[in-house]
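1. got a sequence here, can you build the structure:
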Amino acid sequence: MKVFAIGTITSPPTAEQQQQIMPKEVPHTLQLYLDGKIEQFWFRQDRPGVIFLMSVASVEAAKAEVDRLPLTEGGFMTFELIPAGPLAPLGRLIQGG
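-> Residues are numbered from 1 along each chain as shown. Alright, predicted model coming up:
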């Protein structure tokens, strides 16, 4: 299943907190990518945060993964999780053909 995980920084960490958290956050995120759980990732352009396209078994599995990220655990970031799938109505265009 594909899940868009839209992360928003809700409480920006101080410079000191960033120095403590980011050396853990980046490797954790990269490990999720290497494990195939994050397929693509982007920085948000509208506000501080990230967008992950995740490949996971369920929305609950996506939540479990992003909840373990240091910024989320520290209360600095929250995620909105949106399940996505094929554009099923397109199938009507090819039925009977």
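2. can you point out the buried residues in the top helix by length along the chain?
-> Scanning the chain for the helix with the most residues, using DSSP state H, yields helix 15-34. Within helix 15-34, the residues that qualify as buried are Ile21, Glu25, Thr29, Leu32, counting by 16 or more other C-beta atoms under 10 Å. (C-beta placed from N, C-alpha, C; glycine too.)
3. same for it, what does it pack against?
-> Counting contacts by 3 or more C-beta pairs under 8 Å, 6 or more residues apart in numbering; DSSP states H and E, helix 15-34 is packed against strand 38-43, helix 70-73.
4. for Gly7, find the nearest of those.
-> Nearest of the helices and strands packed on helix 15-34 to Gly7, taken as C-beta to C-beta: helix 70-73 at 7.6 Å.
5. sheet-wise, list the partners of the next helix or strand after the closest one with their directions.
-> The C-terminal neighbour of helix 70-73 among helices and strands, as given by DSSP states H and E, is strand 77-84. Each strand paired with strand 77-84, and its direction, by DSSP bridges: strand 2-9 (antiparallel).
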